[in-house]
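Chemist: turn this into a model:
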Amino acid sequence: MVRLFLSVDMAGSTQFKGRFADGSSWLDTFRTFFTNFPLMLAGQVGFAFLEEGETPVVEVWKVMGDEVIFVATPESPEALVNMLLALIRTMNAYEERYLEDLPLRLKGTAWLAEFGTRNIELEIPELSGGEGVRAIDFIGPDLDLGFRVTKFSRPACLALSFDVADLVIAAGNAGDVSLHLIGSEELKGVMFGRPYPIIWMLEAGTDFNFMPWEVEQCPHMARAATMPPSPVSDVERAIGNMRLYLRKMHGVERPRMVLGGAG
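Modeler: Next up, the predicted model:
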């Protein structure tokens with residue numbers, strides 16, 4: 001089984017909280033986020049799958065600081081694309097409604113993990129409740145990789161692991177999104193030190209909604225702000241080069257993940 005993990009983090013939260021002498025001044029902002037964002041995402045997921053007949057479950061896995069992480073089980077590349085679209089639409093709508101006058105932004109990351117061999121699902125009895133309520137944690141190298149990829153996340157877009165991007169470009173509805181290959185950078189502790197491709201996603205036909213000072217401070221954002229969507233061939237080449245390196249130099253096979261419970 002392959003699961004999709006979606007991380008949404010508040011950029012600028014540390015400085016924002018530091019402006020206030022007491023927690024009550026910023027508490028409502030974050031209470032609203034952790035309460036309303038999941039509800040808004042559920043609504044966008046329902047809208048994205050309106051014509052599919054069945055709405056998949058996208059549920060909160062855990063909350064870490066100012067970050068909320070969702071987990072879902074897409075049944076196809078097309079379902080994966082719809083979930084990503086629902087997430088970025090929710091991020092944009094939430095910022096417009098709740099953060100327009102605050103120095104806070106939302107940044108997102110998406111990655112996949114295959115369970116059964118590489119990664120495990122673990123119940124934590126101490127946190128589980130009665131009547132079938134189970135506290136589940138997920139552990140494994142794909143989870144570690146995903147948390148590393150969050151290093152690439154920036155406001156107003158989604159950072160994708162190359163496994164996610166690989167399935168996006170194979171989807172029948174790939175034209176609904178645009179992918180931007182920003183460059184590559186080493187991720188500590190993963191991929192044997194090989195620079196990992198930085199791939200950002202937008203909804204097709206939209207532009208990066210960066211603030212001027214964000215562009216000034218981040219070379220990756222400055223590049224993205226002026227670049228068109230990357231050709232599919234460029235994204236495929238970056239993914240293929242990574243897989244070649246893993247196989248040739250380290251004997252590691254990392255084929256395209258298979259959705260729908262067959263992974």
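Chemist: wait, residue 60 sits on residue 67?
Modeler: No - contact criterion C-beta atoms under 8 Å: residue 60 and residue 67 do not qualify, at 11.1 Å. For the C-beta atoms, the positions are set from N, CA and C on the backbone; glycine is no exception.
Chemist: tell me, what's touching the two both at once?
Modeler: Listed contacts common to residue 60 and residue 67 are nil; contacts here mean C-beta atoms under 8 Å, 6 or more residues apart in numbering.
Chemist: tell me the confidence at residue 133?
Modeler: Looking at residue 133, its pLDDT stands at 63.
Chemist: equivalent analysis for residue 37, please.
Modeler: 97.
Chemist: and residue 216, helix, strand or coil?
Modeler: Secondary structure state of residue 216, per DSSP: H, G, I helix; E, B strand; the rest coil, is helix.
Chemist: okay, it and residue 105: tell me how far apart.
Modeler: 15 Å (C-beta to C-beta, to the nearest Å).
Chemist: more neighbours, the two?
Modeler: Between residue 216 and residue 105, counted using other C-beta atoms under 10 Å, the more crowded position is residue 105 (20 against 11).
Chemist: can you pull the contacts of that one?
Modeler: By C-beta under 8 Å, 6+ apart, the contact list for residue 105 reads 10, 11, 12, 95, 99, 155, 156, 211.
Chemist: how about 10 Å then?
Modeler: 9-13, 91, 95, 99, 154-156, 209-211, 214 (C-beta atoms under 10 Å, 6 or more residues apart in numbering).
Chemist: those residues, buried ones only, as a ChimeraX selection?
Modeler: A single ChimeraX command is used to select the members of these judged buried by 16 or more other C-beta atoms under 10 Å:
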select :9,10,11,12,13,91,95,99,154,155,156,210,214
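Chemist: among the contacts of residue 105, name the ones in helices.
Modeler: Members of the contacts of residue 105 lying in helices (criterion: DSSP state H): 13, 91, 214.
Chemist: could I get the average pLDDT for stretch 143-161?
Modeler: Mean pLDDT, stretch 143-161: 96.
Chemist: stretch 209-227 now?
Modeler: Stretch 209-227 comes out with an average pLDDT of 96.
Chemist: ok, stretch 86-100 next?
Modeler: Stretch 86-100 comes out with an average pLDDT of 97.
Chemist: same check, this time on stretch 112-130
Modeler: When pLDDT is averaged over stretch 112-130, the result is 79.
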